[in-house]
Every structure is written in structure tokens, then in C-alpha cells.
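Asker: Sequence and predicted model, in that order:
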Amino acid sequence: MSAKTFACGAALVWLAACSGGSPPFVQNPSVTQLDRMENANQSARQTGERAPLRSMAAEQIDCTSRADAVCERLFGLRASACAQLTNTGDAPKDAAARQCAVSDYEQAIRLLPDPPKDTDRTALLSGLADALKTMRPYASPANAAALQSRFDDTLGKLQAQPDGQPYAAYFRADADATRAMNGLVAPAQVCPTLTGARSQLATTRTASAELSARIERLSKSIDTFSAAKGCT
């Protein structure tokens, strides 16, 4: 063995000893980013402040793996942050936030591990349905039909999920009620449309406290509007 070979071998032994016998651990930058965004998300929930949401929305995500849920979670978190920043009063920023929410929910769904967890897929599809719903009032006549098609397609996928039927029923009832309340159905169809939407909600059962609260709010809104219209 040459002196050079021996010296190199000795150096490797010394490095291994100093590092516990294994190479130094290098944190995946996407995992570090996920930790940071999850902390910001928790802060936003606890404080109600928008600053953590803005920091999440500004994150640059360079993650495309489906090997685990990291990339899907990153895009899902940014989508959720953007969805909560669509009503700031700044029209260009609100429009950008609406588009961000839709695009990121779609990307998160594409990056779900194969096979995905049903609960994760349902949550992302529900988020996408919400984001598309938020975009509908701002759609141009040229884009309205395509947007409605994307919304209907998303509800179809929700309906096919083992735990997605209550979400699909809620969004369908909400869409019908909104059309009736905004005069987008014939006057003679306002009350029947509201009655149908209310019936959908009355038979919808869910274990989600958040969805239950939304169903209750929509039900009360329909009841109030129906009473004002004299629906029986």
C-alpha cells in the first residue's frame, strides 16, 4: 500500500468516526420549506393574521416528486393561503390570488402520491371546487362555460370519492341557491330551485365540523331568502 493510499484511508476512517460512522445528514430543502409553511399556516389559524398567509403565498415551490406527500402538501398549503387572500380589496392582487388558488390546487392533485389517501384527495378537490366557485362571478362571457365545465368535473370527482359525496352535495346546493338568489333562473323557478337546494342540504350528513358549519350557514341563508320571496 502506498503512503498516499494509506493517508487517504486514514482520513476516511477519521471522518467516519467524527460523523458517527455515516455521512453527514443533509435536510431536503422541500421538507424544510414544508416545515416553514406548516408553521406559518398554524400561526395564521391561531392569530387570524394575514401576514403568515402572504408569506406562504410568496413561497417559490420547486417540487415535483410524487414519491411522498411533501410536494402535494406544499402546493396545497400555498393554494389554501392564496384562497384566503382573494378579498383584500386590491382587484389585481385578488385576481392573482384566485388564479393561484386554482392552479395550486390542481397541481397538488396532480402530485398526490400513487395511490393517494382518499382524505387528502377529497380535501384538495374540495379546495379546488371552492376556488373555482370564487372565480365564477369574475369570469368573462367567453370563459364562463369552460369554468363551469371545470367546476362540474371537479364535483363529479368529489362525488366519486368515498368521503366526497357530502362536499359534492354542498357545492351543488350552493351553486343552485346562488343562481336562484341572483336572478339567474326564471322567476317561476326561483322557489322550486331554492327548495331543491334546501332539500339537498337537509339530507347531507358529514363528520366534518367545518362542512357542517357551512351547510348550516347556507341553509339559513336559503331559508331567509325563501321567506322574503314568499316561497312555501
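Answerer: Received the coordinates, thanks.
Asker: what's the average pLDDT for the host helix or strand of T119?
Answerer: Here T119 sits within helix 118-135, counting by DSSP states H and E. Computed over helix 118-135, the mean pLDDT rounds to 97.
Asker: residues making contact with it?
Answerer: 69, 72, 76, 79-80, 83, 86, 98-99, 101-102, 105-106, 108-109, 112, 147, 150-151, 154-155, 157-158, 161-164, 167, 171, 174-175 (CB atoms under 8 Å, 6 or more residues apart in numbering). Where you see a C-beta, it was placed from the backbone N, CA and C, and this is true even at glycine.
Asker: what angle separates the one helix or strand L74 maps to from helix 118-135?
Answerer: Assigned by DSSP H and E, L74 belongs to helix 70-83. Counting by axes from the mean of the first three to the mean of the last three CA atoms, to 10 degrees, helix 70-83 lies at 30 degrees to helix 118-135.
Asker: Following the chain past helix 70-83, name the next helix or strand.
Answerer: Sequence-wise, the next helix or strand downstream of helix 70-83 (DSSP H and E) is helix 91-110.
Asker: Name the residues of that next one that are buried.
Answerer: Neighbour counts over helix 91-110 (16 or more other CB atoms under 10 Å) mark 94, 97-98, 100-109 as buried.
Asker: export stretch 110-121 as CSV, just CAs?
Answerer: Provided in CSV are the C-alpha atoms of stretch 110-121 (Å, rounded to 0.1, in the frame of the first residue of the first chain):
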residue,chain,number,x,y,z
ARG,A,110,-51.5,16.0,-9.9
LEU,A,111,-48.7,15.4,-7.3
LEU,A,112,-50.7,13.2,-5.0
PRO,A,113,-48.8,10.0,-4.3
ASP,A,114,-50.0,6.9,-6.1
PRO,A,115,-52.2,5.6,-4.7
PRO,A,116,-53.4,8.8,-2.9
LYS,A,117,-55.1,8.9,0.5
ASP,A,118,-58.8,9.4,0.0
THR,A,119,-58.9,12.0,2.7
ASP,A,120,-56.1,14.0,1.0
ARG,A,121,-57.7,13.8,-2.4
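Asker: Now that stretch: buried residues?
Answerer: Here stretch 110-121 shows 111-112, 116, 120-121 as buried, counting by 16+ other CB under 10 Å.
Asker: in this structure, what secondary structure element scores lowest on mean pLDDT?
Answerer: One helix or strand of the chain scores below all others by mean pLDDT, DSSP states H and E: helix 3-18, with a mean of 37.
Asker: Just the endpoints, please. Distance across stretch 42-52?
Answerer: 9 Å (CA to CA, to the nearest Å).
Asker: What's the first helix or strand after the helix holding T119?
Answerer: Assigned by DSSP H and E, the successor of helix 118-135 is helix 141-160.
Asker: Give me the below-cutoff pLDDT ranges for the protein.
Answerer: Within the chain, the ranges that satisfy pLDDT under 70 run 1-27.
Asker: Now do whatever helix or strand R217 lives in: everything it contacts.
Answerer: Using DSSP H and E, R217 maps to helix 209-229. Residues outside helix 209-229 that contact it (CB under 8 Å, 6+ apart) are 166-167, 170, 173-174, 177, 180-181, 190-191, 194-195, 197-198, 201-202, 204, 206.
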